[in-house]
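>>> Take a look and give me a structure for this.
(one chain, ligands or ions: 1)
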Amino acid sequence: MSLDDVSVDALTLDEKAALASGAGFWYTKPIDRVHVPWIMLTDGPHGLRKQREGGDHLGIGDSIPATCFPPAVGLGSSWDVDLVRRVGRALGVEASSERVGVLLGPGVNIKRSPLCGRNFEYFSEDPVISGTLGAAMVAGIQSQGVGASLKHFAANNQETDRMRVSADVDPRPLREIYLRGFQRVIEEAQPWTVMCSYNRINGVYASEDRWLLSTVLREEWGFEGLVVSDWGAVDDRVAGIEAGMDLEMPSSGGVTDAAIVAAVRDGRLEESVVDRSASRVLGLVRKVLAGAGSAAGPVDVDAHHRLAREAAGRSIVLLKNDGGLLPLARDADVAVIGAFATEPRYQGAGSSLINPTRLDNALDEIRLLAAGKVTHAAGFDLSGAQPAEHLRAEAVAAAARADVAVVFLGLPAATESEGYDRVDIDLPAEQLALLDAVLDANPNTVAVLSNGGVVALPFAPKVPAILEAWLLGQAGGGATADILFGEVNPSAKLTETIPLRLADSPAYLDFPGEHSHVRYGEGLFVGYRWYDARDLDVAFPFGHGLSYTTFEYGQAVATTTPAGDVEIRVLVSNVGDVPGREVVQAYTALSDSRITRPPRELKAFTSVVLEPGECREVGLTIRRKDLAYWDIRVDSWIVEGGSYRVDVAASSRDIRTSVSVDLTGDAVLLPLSRNSTIGEVLAHPVAGPRLMSLFSEMMGDGGPAVMPDGVDISRMLDSFPIGRAAMFAAAGDFGLDPTAMIEGLLSEDS
Ligand code: BGC
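Numbers count the residues shown, from 1 in each chain. Predicted structure coming up:
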């Protein structure tokens, strides 16, 4: 019998329940009687972590060598959809060659606070970036016949108490910020699986949330695949399967299978619910079998290393470059300082920990490219075994003798990891002291940073050149050398704001919560939305990143398509001396909006590669659906009408050209009641004109106007409930019967 002939009808209740949880850490259960094989699901997301034997999901056990690409914090900074797709494809090839059916990634959670220990695994503080790049990653992986697992669904924005904490989020930020990226990935790339998160959302475990896993995910967004639990995210298996959580991972040793069977037998659970999940598992197994062998293998380890180097080069953000200190002249004498130059921090800890096929370090790679003298001083000792003063003195001496000092600073590995959050955003004091001392010895100092979450940069005003090199994967050392010597022109931009102080950050007073609740008090104002609304200075704004060349923008032009999308066209020219790539960003604002809005929100981005002197027209599409806000009165997406300003920008605080576009809004038909305000009744297509004519009868043509002292009566009345206004009208002796007046106004007949 082939698997195509096996349907849930051929399985016993015990077998169906067995399919709803895993075998061991990484496999689904086979059902030998009807020849259903197992499939393997394993991490992800920036490399393959296939454990040799046994298993754990904390990155403790050894795994087979695989290419370690830059984690999302780096890759996301590329803002490069095509590159992310290519990395996804390479991941698919490596997974397929190891008979892995589903790769557990990408993670598209929003970076709500700089403190989240797992920010290195996520793309951005903005859902348009997370969603667009997440979709590209899924498409790349799945093009090789391997499934992706979109994670961690949803509102998993901290590690503290992650297995219990309730993310208490209002509907608008939940929809507009935290779910929007997931929605985009589902609609654009249809991942084979979605991984539900550990946490609760507004009090309900994600693994038991019918609204999340069925209403939103399937009915609204059209998800067709399988929901798998994060490893150990199941609290009540029977409630979970009812809610739409199909596959529990890892194995429960049969305990929850038995619970499902018992619930069916004693009438608490419909057998059809078990059938539904079992058939989704069978569907996934079929897809995996059909995909097996279709990848573009065998794995070319060298080619993947080169791709990892290209991706790492695209991930490095040039934050600052005063006086054109970078790129370095080939024949410059360079003092390379800092332990990270020889012991790279290239990925984060936890379930995404990859055993790389090889590992570049920056010092060796700099030596390969340099024609001048290269010296090295450790500057500090990550283990703390050697005296700091001695190491610092050595580094200062090396810096003083060189033309330029390149200082590698960063966060020690233990400060950021899956499973716990950071407590501050500071680099170790010893490293800051080293940088100061080197700078005193040689003003031509470049700082290169290795960190998975943002760090405060108190030295930014005085250090002439800074490279934010994040965590770059196994080829990061080579990529850093490429950027330092101008072999690669930097083009990455920040996908998260670097604040001046942790205390400025949006979630500062509400992170990580207490007693298993965290209130998302900043609402919609996440990341740059917050800093802009509060008019706060930042160290480096969202979207910022320099190049070794200079780009100029022409005047943007906007048109609308029949579908209601907004097309932006703008000329971008490279007016510098070297080829470069510019990431062009489009933000929208609606100044006279009736709802709460951040001053500006990213809605589209693209990139263009230009030779020196070249000028090209760049097109960006702002989808109408991305302009919608979530209207809690009607529980749906609504585009507000009005004149939108589109800022076309090199960063969120470097607007190069703006253009306005008028859009017709969606009709919002609110059910009217006595508690509807006069403003709401006036906005209603049927009741509004009725009320206007009533006003005319009562007060003469034009309705309520301006009082002698300038007070605007219509503004005053705008928020007045109509039922109570009717009472006032009766008291005011207009000869009206308030009940009849309300009934007449609000009646459904037009
Ligand atoms: C992580 C997931 C990971 C899983 C399997 C969990 O602890 O949250 O991201 O895919 O383990 O390793």
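
>>> what's the helix or strand where Val138 lies packed up against?
Using DSSP states H and E, Val138 sits in helix 127-142. Applying 3 or more Cβ pairs under 8 Å, 6 or more residues apart in numbering; DSSP states H and E, we find helix 127-142 packed against helix 81-97, strand 147-153, helix 180-189, strand 601-610. Placement of C-beta: from N, CA and C, glycine included.

>>> Give me the distance from it to the chain's centre.
10 Å (Cα atoms, centre = their mean, to the nearest Å).

>>> pLDDT weak spots in the chain?
The chain contains residues with pLDDT under 70 at 1, 53-61, 700-708, 733-735, 748-750.

>>> Around the ligand, which positions in it sit nearby?
Where the chain comes near the ligand, counting by Cβ under 6 Å from any ligand atom, the residues are Asp43, Gly44, His57, Leu104, Lys151, Asp230, Trp231, Ser351.

>>> Test my guess that the second one contacts Gly147.
Spelled out, that is Gly44. No. Contact criterion Cβ atoms under 8 Å: Gly44 and Gly147 do not qualify, at 10.8 Å.

>>> so which of the helices and strands packed on helix 127-142 comes closest to Ser417?
Closest to Ser417 of the helices and strands packed on helix 127-142, according to Cβ to Cβ: strand 147-153, at 15.5 Å.

>>> Quick one: residues contacting Leu269.
Val238, Ile241, Glu242, Ile260, Ala263 (Cβ atoms under 8 Å, 6 or more residues apart in numbering).

>>> switch the cut-off to 10 Å
For Leu269, the contacting residues are Ala17, Val238, Ala239, Ile241, Glu242, Ala259, Ile260, Val261, Ala262, Ala263, by Cβ atoms under 10 Å, 6 or more residues apart in numbering.

>>> Provide the secondary structure category for the residue in the stretch 301-450 of the chain that the ligand sits nearest to.
Closest residue of the stretch 301-450 of the chain to the ligand, Cβ to the nearest ligand atom: Ser351 (3.4 Å). Following DSSP: H, G, I helix; E, B strand; the rest coil, the label given to Ser351 is coil.

>>> residues near it, how many?
A count of nearby residues for Ser351, using other Cβ atoms under 10 Å, gives 23.

>>> could you pull out the strands for the stretch 151-300 of the chain?
Secondary structure of the stretch 151-300 of the chain (DSSP state E, counting those that start in this stretch): strands at 166-168, 193-196, 200-201, 204-205, 226-229.

>>> can you list the domains in this protein?
26-291, 309-540, 551-663, 678-747 (the TED database).

>>> so Thr445 touches Pro464, yeah?
Yes. Contact between Thr445 and Pro464 holds when scored by Cβ atoms under 10 Å: they sit 6.8 Å apart.

>>> what residues are shared contacts of these two?
The contact sets of Thr445 and Pro464 overlap at Leu325, Val404, Leu439 (Cβ under 10 Å, 6+ apart).

>>> For Ser2, list the residues it contacts.
Neighbour list for Ser2: His35, Arg286, Leu289 [criterion: Cβ under 10 Å, 6+ apart].

>>> Narrow these to those in helices?
When DSSP state H is applied, those are split such that Arg286, Leu289 fall in helices.

>>> which parts of stretch 303-323 are buried?
By neighbour count on 16 or more other Cβ atoms under 10 Å, the buried set for stretch 303-323 is 304-305, 307-321.

>>> the helices in the stretch 551-700 of the chain, which residues?
Ranges of helices in the stretch 551-700 of the chain, per DSSP state H, counting those that start in this stretch, are 678-683, 687-699.

>>> Mind checking these for the one nearest to Pro344?
Judged by Cβ to Cβ, the one of those that comes nearest to Pro344 is helix 678-683, at 59.3 Å.

>>> how about the CA coordinates for that closest one, as PDB?
Output of helix 678-683 as PDB, limited to C-alpha atoms (Å, rounded to 0.1, in the frame of the first residue of the first chain):
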ATOM      1  CA  ILE A 678     -23.400  62.400  17.200                       C
ATOM      2  CA  GLY A 679     -20.100  62.200  15.300                       C
ATOM      3  CA  GLU A 680     -20.700  58.500  14.600                       C
ATOM      4  CA  VAL A 681     -24.300  59.100  13.600                       C
ATOM      5  CA  LEU A 682     -23.300  61.900  11.300                       C
ATOM      6  CA  ALA A 683     -20.700  59.600   9.600                       C
END
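
>>> Quick one: distance of that helix to the chain centre.
Taking Cα atoms, centre = their mean, the mean C-alpha location of helix 678-683 is offset from the chain mean by 38 Å.

>>> This completes my enquiry, with thanks.
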